[in-house]
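>>> Okay, sequence plus prediction incoming.
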Amino acid sequence: MAIINFFKGHPSTNLLPSKTIADTYSKVLVNNSDYLEYDNDPNNQHPLAYGTDPGNLEIRQTISDWVNSKYQSNYLNAELINLTAGASYGVANVLASTTLPSITKKAFIVTPTYFLINSSFVDVGLGDDLIAINETAGEEYDIDLVKLKKELKKFGKEDQTEVNIIKNDPRGERKVYQFVLYLVPTFSNPGGITYSVKTRKKLIDLARKYDLLIISDDVYEYLDYANTETITKPIPKLNQLDQETITNKYGNTISNATFSKIIAPGLRVGWQESATSHLVKQLSITGANKSGGTPSQLSTFIVNDLIKTGQLDEIILKFKKIYKERAQTLKESVKKYLPKGTKVYGGDGGYFLWVELPNFVDNEKVIKEVSKKNVILASGEHFEVLGESNKQNWGDHCIRLCISFLSSSEIEKGIKLWGETIDEVSN
C-alpha cells in the first residue's frame with residue numbers, strides 16, 4: 001500500500017516543470033552568447049562566473065518589474081533587492097547580518113511556526129532568547145500584539161533606531177536590531193491564515209518604536225486560489241507598507257521571498273526586499289556573499305528567463321488550479337470523515353491547512369495507529385517555538401496538512417483512514 005504523506009511540504013514530482021527548466025538551462029548556457037559582454041561589467045556577471053554581491057543588476061530589475069506587476073505598484077526597484085539561495089538561506093543571512101547576542105535582546109517567533117526555523121536562531125546565539133507569539137485567528141489582530149508589546153517594553157528601550165549602528169565594520173556601516181520577529185504573514189505555515197493590513201501596520205508601528213526587525217517569509221503570496229485564471233493581486237507586504245511611511249534610514253522590515261514554492265524547491269533561488277537600499281545592501285555583503293558572490297548565480301538566470309518569457313506565470317497558474325482542487329477536497333473530506341467539532345484553518349491559498357480536533361481525541365495515539373495504515377500526519381508538536389516556556393501543546397489536538405504533495409484521491413483516502421482510526425481509538 002502506497003504511503004499517503006501529509007507531512008511533505010513540497011510539490012509532487014509530476015507537477016514540477018522539469019522540461020521547461022531543462023530547456024531554459026540549455027538556452028541560457030548554449031544558445032545565448034550575449035553574456036560575453038558581462039566580462040567587463042561590474043553590475044552583471046556571466047552565469048557560470050562568480051556573481052556580484054547582490055546578484056546581477058539586470059536580473060534584480062527583472063524580478064522587480066515582475067513583482068510590481070503583480071502588486072500593481074511601483075514600490076520595488078533593483079536597489080531594494082538582494083538575491084539569495086532561497087528562503088532558508090535568506091533567514092540565516094538576515095540573522096547573521098542584523099543580530100548580535102550582545103545587542104539583540106530577544107527574538108520573537110509567531111506560533112505555530114515553520115517547524116525547521118528554530119535552528120536558524122540557535123546558529124546565531126539566540127536559541128535561549130526566543131519568545132513565542134501566538135497567532136490569533138478571528139480576533140482583532142491576527143497575532144497576539146498585546147503580548148508582543150508587553151515583552152518589547154519589558155526587555156527593551158524605546159527610540160533605539162539610531163543607536164545600534166556599527167561603524168567600524170570593514171565592509172561598511174551595519175545596523176543591528178534590538179529585537180527580531182519571524183513570521184509567515186500570508187497563507188501562513190502552518191496556520192494557513194493571512195494577516196490583515198491592520199495587523200501589519202500595527203506591527204510596523206511597534207517595530208519602529210522598539211527597534212524591532214520584522215523578518216517576513218513571503219513565500220505563498222502568488223498561490224491565492226481566489227482566481228485561478230490570473231495571479232491575484234496580493235495583500236501589501238510589510239516592507240511595502242514600511243516604505244510608504246518610512247521614518248528611519250534602515251527601515252524595520254525584510255521580505256524574505258523565494259521561487260521554491262512557485263517553480264521548484266531544488267532551483268534554490270530567492271530574493272530579499274527591504275524598505276530602503278541601506279538594509280538590503282547590508283544583507284548582500286555578509287561573509288558568504290563577499291567570498292563567492294550571490295549564491296545560485298546560474299539558477300538566477302533560469303528564473304530571469306522564465307519571468308521574461310511568461311513561463312513563470314504559466315507555472316504558477318497550473319499550481320493554483322491543482323492546489324485549489326486539492327484544498328477543496330481536503331476541506332470536504334475533513335467535514336465528511338472527521339469528528340463533529342473539528343476546526344479547519346486555511347485552504348484559500350498556499351500549501352497548508354491547520355486542523356484542530358475535539359478534546360476527546362487522543363492525537364498522539366491516533367497518529368501512531370494511522371501510520372500503520374501508511375498515512376503520515378504532521379503532529380502539532382513539530383510547530384512549537386523552542387523552549388519549555390514557549391510550549392503551547394499544539395501536539396495535543398492539532399495537525400498540519402499539506403496539499404502540494406498528494407493528489408485529490410490520495411487526500412480523500414488519507415482523511416478517511418484518519419477518521420476511521422479516530423473512531424477505532426476513541427471507542
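Alright, I've got the coordinates.

>>> how long is stretch 171-182 from one end to the other?
The first residue of stretch 171-182 is 26 Å away from its last residue (Cα to Cα, to the nearest Å).

>>> Residue 14 belongs to a helix, doesn't it?
Yes - under DSSP: H, G, I helix; E, B strand; the rest coil, residue 14 sits within a helix.

>>> how about the strands of the stretch 101-250 of the chain, start to end?
Secondary structure of the stretch 101-250 of the chain (DSSP state E, counting those that start in this stretch): strands located at 106-111, 130-134, 165-166, 174-175, 179-183, 212-218.

>>> Determine which of those shows the lowest mean per-residue pLDDT.
Note on these: lowest mean pLDDT is at strand 165-166, with a mean of 84.

>>> still on that earlier bit, and the strands of the stretch 101-250 of the chain: which comes nearest residue 189?
Nearest to residue 189 among those is strand 212-218; the distance by Cβ to Cβ comes to 7.5 Å. Yep, even glycine has a C-beta here, placed from its N, CA and C like the rest.

>>> From what I see, residue 122 and residue 129 are in contact.
No - Residue 122 is not in contact with residue 129 according to Cβ atoms under 8 Å; the separation is 10.3 Å.

>>> neighbour-wise, which of the two wins?
residue 129 (18 against 12; other Cβ atoms under 10 Å).

>>> Which strands and helices lie in contact with the helix or strand residue 96 falls within?
Element membership of residue 96, judged by DSSP states H and E, is helix 87-98. In terms of contacts (3 or more Cβ pairs under 8 Å, 6 or more residues apart in numbering; DSSP states H and E), helix 87-98 is packed against helix 118-123, strand 179-183, strand 212-218, strand 253-258, strand 270-274, helix 277-283, helix 287-292.

>>> one step back: please identify which of the strands of the stretch 101-250 of the chain is closest to residue 248.
Judging those by Cβ to Cβ, what sits closest to residue 248 is strand 174-175, at 9.3 Å.

>>> quick one on the thing from earlier: just the angle for the helix holding residue 96 relative to strand 106-111, thanks.
Here the directions of helix 87-98 and strand 106-111 differ by 160 degrees (axes from the mean of the first three to the mean of the last three Cα atoms, to 10 degrees).

>>> Next, the buried residues of helix 87-98.
Under the neighbour-count criterion of 16 or more other Cβ atoms under 10 Å, helix 87-98 has 87-98 buried.

>>> How about residue 153: what's its closest non-neighbour residue?
residue 210 (7.6 Å; Cβ to Cβ, 6 or more residues apart in numbering).

>>> Is it correct that residue 222 is in contact with residue 231?
Yes - contact criterion Cβ under 8 Å: residue 222 and residue 231 qualify, at 5.5 Å.

>>> higher neighbour count, those two?
residue 222 (24 against 19).

>>> Do you know the pLDDT at residue 71?
Looking at residue 71, its pLDDT reads 97.

>>> Repeat that for the one 3 residues further on.
The confidence metric pLDDT takes the value 96 at residue 74.
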